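S.K.: Using only what follows, build the 3D model:
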Amino acid sequence: MGVQGYSPDKLERSRSDEGNERALAYYRHIRAETSRLLYKVIPESASVLPATKEEIDRLAKNSEDSLSRLITNHKIRELREALTKESQSQQFKGVLTPDAHRDPGKGEKQFPDGSALQITYKILMGDVGAKADMNSNGIIDDGIEADQLPCEILKQIHQLWQEATKQPCGWYNSEKVLEETATLNQPDQGFQESLKCDTFKQQTLFKEIFDWSAVAADRIYECPFVKDDLRKFSSNHHS
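M.R.: Numbers count the residues shown, from 1 in each chain. So this is what the prediction gives:
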């Protein structure tokens, strides 16, 4: 018999949640500090000892991998369940109208409680996940914050939303991104518009979560899964 209203199972889950939160905070801190070093302390010059940058890169990768495992184990299932529910009802809650913008200052309150969009936002921007919004202003301000977004989690979220919306809706529009990188060497509207995505009213998941942040777009574009996806898309449409 546990404390009234608080069973042993609940207590164990609470302890597990507390441990998870501490672990997330620990790996987020390492990830942020290594990013600061790479951005501010380690110059791109021959005078820097390769072992120094190599060690920082290793710590950065290990902390990103650990963050990804924790978030996968503790939060991705919640997003999958919310997406399944909204997909079955064909009602994705909190989607922007085409000319609307989020109010970053409201944080997760920009979205309906328990919605798949809110869970996505919390996984990437909030304390329960990557906490890329390090200063809690609702915006990815710089490369250090953008680096807090784990590529593996971005990939999983992209795939889950594509599955739930029958493929059209994810972080970006592959065709548009390819067009822009060929002509401008940098994607822009490809992260904003997706004419086949009726769920987001011809916009993208990126627009829903980040509104517009060049450094967040750059971070996603750097991820290996995006390069792989664009190669496959290009191959399929030119074969």
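
S.K.: and the chain, what are its domains?
M.R.: Domain assignment for the chain by automatic domain parsing gives 1-68, 75-238.

S.K.: for the record, mean pLDDT for the host helix or strand of Ala217?
M.R.: Per DSSP states H and E, Ala217 falls inside helix 214-222. On average, the pLDDT along helix 214-222 is 93.

S.K.: now do stretch 106-123
M.R.: Here stretch 106-123 scores 97 as its mean pLDDT.

S.K.: and what of stretch 198-209?
M.R.: Along stretch 198-209, the predicted confidence averages to a pLDDT of 94.

S.K.: How about stretch 232-239?
M.R.: In the prediction, stretch 232-239 has an average pLDDT of 72.

S.K.: residues making contact with stretch 66-77?
M.R.: 20, 23-24, 27-28, 31, 119, 122-123, 128-130, 150-153, 156, 160 (CB atoms under 8 Å, 6 or more residues apart in numbering). In short, each C-beta sits where N, CA and C put it, glycine included.

S.K.: gap between Asp156 and Asp99?
M.R.: Actually, residue 156 is Gln rather than Asp. Per CB to CB, to the nearest Å, Gln156 is found 30 Å from Asp99.

S.K.: Repeat that for Arg58.
M.R.: Arg58 sits 45 Å away from Asp99, taking CB to CB as the criterion.

S.K.: Which one's more surrounded, the two?
M.R.: Arg58 (11 against 6; other CB atoms under 10 Å).

S.K.: tell me which element the more buried one is part of?
M.R.: Taking DSSP H and E as the criterion, Arg58 maps to helix 50-74.

S.K.: what sits against the closest residue to Asp133 other than its chain neighbours?
M.R.: With sequence-adjacent residues excluded and distances taken as CB to CB, 6 or more residues apart in numbering, Asp133 is closest to Met125, at 4.2 Å. Met125 sits next to 107-108, 131-133, 138, 209 when contact means CB under 8 Å, 6+ apart.

S.K.: give me the low-pLDDT residue ranges for this protein?
M.R.: Low-confidence segments of the chain, defined by pLDDT under 70: 1-16, 41-51, 182-187, 237-239.

S.K.: Tell me where it has helices.
M.R.: 8-36, 50-74, 76-89, 116-125, 143-146, 151-164, 174-183, 205-210, 214-222, 224-238 (DSSP state H).

S.K.: Number of residues surrounding Gln162?
M.R.: 17.

S.K.: Over to His101?
M.R.: Other residues near His101 come to 11 when the count uses other CB under 10 Å.

S.K.: Next: Glu208.
M.R.: 24.

S.K.: go on, His158?
M.R.: Using other CB under 10 Å, His158 has 21 other residues around it.

S.K.: contacting residues for it?
M.R.: 170-171, 205, 225.

S.K.: re the thing from before, orientation of the helix holding Arg58 relative to helix 116-125 in degrees?
M.R.: 150 degrees (axes from the mean of the first three to the mean of the last three CA atoms, to 10 degrees).

S.K.: Out of the contacts of Met125, give me the one that has the most neighbours.
M.R.: When neighbours are counted by other CB under 10 Å, Ala132 leads those with 26 neighbours.

S.K.: Okay, buried residues for stretch 216-230 please.
M.R.: 216-217, 219-221, 223, 225-226, 229-230 (16 or more other CB atoms under 10 Å).

S.K.: got CSV for the residues you listed, with distance to Arg36 too?
M.R.: Shown next, in CSV, are those (distance: CB to CB, whole Å):
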residue, distance to Arg36
Ala216, 18
Ala217, 21
Arg219, 16
Ile220, 21
Tyr221, 22
Cys223, 21
Phe225, 26
Val226, 25
Asp229, 30
Leu230, 30
